[in-house]
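Participant: Coordinates only, no sequence provided:
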């Protein structure tokens, strides 16, 4: 089933996700992908990808790579059709390369059979992935100890009621010095990083929960309306629409 022309397919064993956006006009604000490598190919139209290095327009059959923790945003000039392959490095580290390759091949063959992508585009995507796997940028960035520890806490337990003031006090820094240091190393402010990780956790929980309110409270939001607003901002879809347009492979 397709909802709002976006389809998600997530593999729970490998942490690999395939995202297909058809004729999308959604723009995404500044964010980063925690521990996730993203390989994308433009199937039709164009989009503008801005990273900390450059702003570039990507057109049909062009591929791009977004490394873990690299802050970026996406702007839509007109509409674009995009296929993204998202690979969680934490999951990849626990699984042999052959298994990962098989799962990626399986997902891409599903996309081919559904006529979402053609053989030439699959080759372009795999070629981009091969080049990326040898890049030093695929390695995790070393952070100062207190930034590293807090970053991991916000990734694992983003629902914790921890204000920016409390974060700063815990590392014995002034609030503004702490915010500047965190953003310089992670690319986002502590609050932005906390919210985006709450939304990422919500994306996984939404398939198991009975209500949207349950997901909102479990991920640390005080009310459902604020959760829905933030979810749509980061994902591009309302929670219920996202739930109906995504599939899980166990």
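Facilitator: Noted; the coordinates are in hand. Note that this is a predicted model, so its numbers are computed, not measured.
Participant: Give the next helix or strand downstream of the lowest-mean-pLDDT helix or strand in the chain.
Facilitator: The helix or strand of the chain with the poorest confidence is helix 89-92; it has a mean of 64 (mean pLDDT, DSSP states H and E). Using DSSP states H and E, the next helix or strand after helix 89-92 towards the C-terminus is helix 97-113.
Participant: And for that next one, what's in contact with it?
Facilitator: 9, 11, 13-14, 16, 18, 20, 83, 85, 87, 92, 117-119, 122, 125-126, 129 (C-beta atoms under 8 Å, 6 or more residues apart in numbering). Where C-beta positions appear, they are placed from N, C-alpha and C, glycine not excepted.
Participant: let's see it at 10 Å
Facilitator: For helix 97-113, the surrounding residues in contact (C-beta atoms under 10 Å, 6 or more residues apart in numbering) are 7, 9-11, 13-18, 20, 39, 43, 83, 85, 87, 91-92, 95-96, 116-119, 121-122, 125-126, 129, 133, 247, 249.
Participant: domain parsing for the protein?
Facilitator: What automatic domain parsing lists as the domains of the chain is 6-138, 145-249.
Participant: Distance from the chain centre to the last one, please.
Facilitator: Centroid separation between domain 145-249 and its chain, computed with C-alpha atoms, centre = their mean, to the nearest Å, is 12 Å.
Participant: Which residue ranges of the chain form strands?
Facilitator: Counting by DSSP state E, one finds strands in the chain at the ranges 6-11, 16-24, 28-31, 36-51, 55-59, 63-66, 72-75, 80-88, 246-249.
Participant: Buried residues in the fifth one, which are they?
Facilitator: Burial within strand 55-59, assessed by neighbour count using 16 or more other C-beta atoms under 10 Å, is assigned to residue 58.
Participant: Parallel or antiparallel, list what pairs with it.
Facilitator: Strand 55-59 has its sheet partners listed here by DSSP bridges as strand 36-51 (antiparallel).
Participant: report the angle between the axes of the partner strand and strand 80-88?
Facilitator: 140 degrees (axes from the mean of the first three to the mean of the last three C-alpha atoms, to 10 degrees).
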